[in-house]
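> have a look; sequence and predicted model below, questions after that.
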Amino acid sequence: MRITKHPILDFNRGKKITFQYKGQEITAYQGETIAAALYAAGIRVLKKSNKYKRPRGLFCAIGNCASCYMVVNGVFHVKTCITKVKEGMVVEEETEKGDIID
Amino acid sequence: MILLINTDLLVIGGGPAGMTAALKAAKRKAEVIIVERYHELGGQLTKQTHRFFGSKSEQAGTRGIDIARGLTKEIQNMSEIKVLTEATAQGYYEDKIVTVSYQNKFRKIRAKRIIIATGASEKMMLFENNDLPGVYGAGAIQTLMNLYGILPGKKVIMVGAGNIGLIVSYQLLQAGVEVKAVIEADSEIGGYLVHASKIRRTGVPIYTGHSVKSAIGESSVKGAEIIKLDENWQMITGTERFIKADTICLAVGLRPLVSLLIQADCAMVYVPELGGDVPIRDENLKTTNDQIFVAGDAAGIEEATAAMLEGEIAGLKAASEIGYLSEDVVEETRRLKRELKKLRGGPIGRKIRRGLSKVRGDDNVKKNRYSHLR
């Protein structure tokens, strides 16, 4: 849900772009973070915890906690709350730790 | 190839403290690098839509977002300051080099002085299902709502009636979100009366002496079970009540982000009044490491005005130590310290004053909380 009218703030949103999430196409605005764009599209579960597979979503939104890690273009543990969304990105829910990149 | 960058002053964190520190030093011709994790400067100011209290010389009456814009512009106009955004400081090494991950590339920075202004992180609260999506820190709500214009939910339960809880409740109402209730464990509202009255006038109940027992929901929040507390903050069985909501916002305090200070071997002391572990420092914000200063929330949780003043004091002192002396340093430092003292005066500053009295002195250095790690 995006705010269109606000008593104090104006939102000058960037260009419209699209990216992939779980095979579905999501529309976002340039300059937004991945987590913000997903959130606007109504997606709240970003990952599952490693051990008990409990759903996890945004918590701090400034890159401190580990609650928004997702797999972005095949790379695990991307902090989606501080990573900007880009045209054509492939974003997936993270359900395990992933491997070290060579 | 790993690049090594040399500079006079390295400022870690581009929030209110880091920005004023950089400006103060750069105006005395020191070469400054700011390392900022986010893609723009401003820190928490970029989401603060309310007008500031405090010191006139430190922009009281101005909204946080406008302070951030003003300082950012000033920094962009200074050729002495280089800003690295999407850059995270990763470690401080014995050869006095700081390593930085800058836009996914590895960099090394060697500076004559370092000011650590890393800010704070939200405190978590213990209750059942507190990891459920829909439970957020108050900062996250502000980020979503005030930075990106995205509503966090439709119905919100606010936990904490300190200033942050009250201000964010009001911001939610402004954005058209229903605030179901403000829950506060203490028997009294912690925030300023002016903020509390604003909330009360809109009809939102503030339940003091209450806490959250559990969050309810499968894959995201559908509500919360709240419960009454006795005078020792123990839950009173049988007083549980269900409130329907899709969002639980935690505004239960902040903790200084000090990992880099600990790693750099700055002596630390635990001061509850300042939010947790903080570095021991002198009145110019110098830590027990001669090269490192601290400023802002990383030095102890306070308001942005205090952070800006601390940044200025540290920036001025660091520039002097590097060799950029100017005639007005003594007078200007004195003025800044006077402003800071005024800000922390009165009954509102009592807790801060008590906290600060615990962060100085040689006794403290001997009691360094993390010395056993070495």
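Alright, I've got the coordinates.

> which ones are touching the closest residue to chain B within chain A?
Across chain A, no residue is closer to chain B than residue A:57, which sits at 2.7 Å (C-beta to the nearest C-beta). For every residue, glycine as well, the C-beta is placed using N, CA and C. The contact partners of residue A:57, by C-beta atoms under 8 Å, 6 or more residues apart in numbering or on different chains, come to A:44, A:45, A:46, A:67, A:68, B:132, B:133, B:134, B:220.

> for residue B:133, the count of nearby residues, please.
For residue B:133, the number of neighbouring residues by other C-beta atoms under 10 Å in any protein chain shown comes to 25.

> for residue B:314, same thing?
A count of neighbours around residue B:314, defined by other C-beta under 10 Å, yields 33.

> do stretch B:214-231 and chain A meet at all?
Yes - Stretch B:214-231 reaches chain A (C-beta under 8 Å from any C-beta of the partner chain) through B:219, B:220.

> would you mind measuring the gap between the ends of that stretch?
Counting by C-alpha to C-alpha, to the nearest Å, you get 20 Å between the two ends of stretch B:214-231.

> likewise for stretch A:40-48?
Taking C-alpha to C-alpha, stretch A:40-48 runs 20 Å from one end to the other.

> is that stretch positioned near chain B?
Yes - Stretch A:40-48 comes into contact with chain B (C-beta under 8 Å from any C-beta), by way of A:40, A:44, A:45, A:46.

> turn those residues into a markdown table, columns for neighbour count and distance to residue B:187.
Supplementary listing: those in a markdown table, determined by neighbours: other C-beta atoms under 10 Å in any protein chain shown; distance: C-beta to C-beta, whole Å:
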| residue | neighbour count | distance to residue B:187 |
| --- | --- | --- |
| A:40 | 21 | 39 |
| A:44 | 21 | 34 |
| A:45 | 16 | 37 |
| A:46 | 25 | 37 |
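
> how about the residues of the stretch 101-250 of chain B by chain A?
Taking C-beta under 8 Å from any C-beta as the measure of proximity, the stretch 101-250 of chain B contacts chain A at B:121-122, B:131-137, B:139-140, B:143-152, B:154, B:174-176, B:219-220.

> tell me where the stretch 251-374 of chain B is predicted with low confidence.
Low-confidence segments of the stretch 251-374 of chain B (pLDDT under 70): B:361-369, B:371-374.

> please redo it, this time with the cut-off set to 90
In the prediction, the stretch 251-374 of chain B carries residues with pLDDT under 90 at positions B:303, B:325-328, B:346-349, B:359-374.

> so residue B:144: helix, strand or coil?
Using DSSP: H, G, I helix; E, B strand; the rest coil as the criterion, the local structure at residue B:144 reads helix.

> tell me the contacts of it?
When contacts are counted by C-beta under 8 Å, 6+ apart, residue B:144 touches A:36, A:39, A:58, A:61, B:150, B:151, B:152.

> biggest separation within the residues you listed, which pair?
Spanning the widest gap among these are A:61 and B:151, at 13.9 Å by C-beta to C-beta.

> which of the contacts of residue B:144 lies closest to residue B:344?
Compare each of those with residue B:344 using C-beta to C-beta and the shortest gap goes to residue A:61, at 29.4 Å.

> show the contacting residues for the closest one.
Contacts of residue A:61 by C-beta under 8 Å, 6+ apart are A:35, A:68, A:81, B:136, B:137, B:139, B:140, B:143, B:144.

> so which of those sit within helices?
In helices, judged by DSSP state H, the following of those are found: A:35, B:139, B:140.

> from the residues you listed, which is closest to residue B:320?
Taking the ones in helices among the contacts of residue A:61 together and measuring to residue B:320 by C-beta to C-beta, the closest member is residue B:139, at 34.1 Å.

> please name the nearest non-neighbouring residue to the closest one.
Spatial nearest neighbour of residue B:139, chain neighbours left out: residue B:122 (5.6 Å); criterion: C-beta to C-beta, 6 or more residues apart in numbering or on different chains.

> and the one you found, how far is that from residue A:52?
Note on residue B:122: its distance to residue A:52, by C-beta to C-beta, to the nearest Å, is 23 Å.

> who's more crowded, the two?
Each of residue B:122 and residue A:52 has its neighbours counted (other C-beta under 10 Å); residue B:122 has more, 23 against 7.

> what's the local residue count around whichever residue of the stretch 251-374 of chain B sits closest to chain A?
In the stretch 251-374 of chain B, the residue found nearest to chain A is residue B:257; the distance is 7.1 Å by C-beta to the nearest C-beta. Burial of residue B:257, expressed as a neighbour count using other C-beta under 10 Å, amounts to 20.
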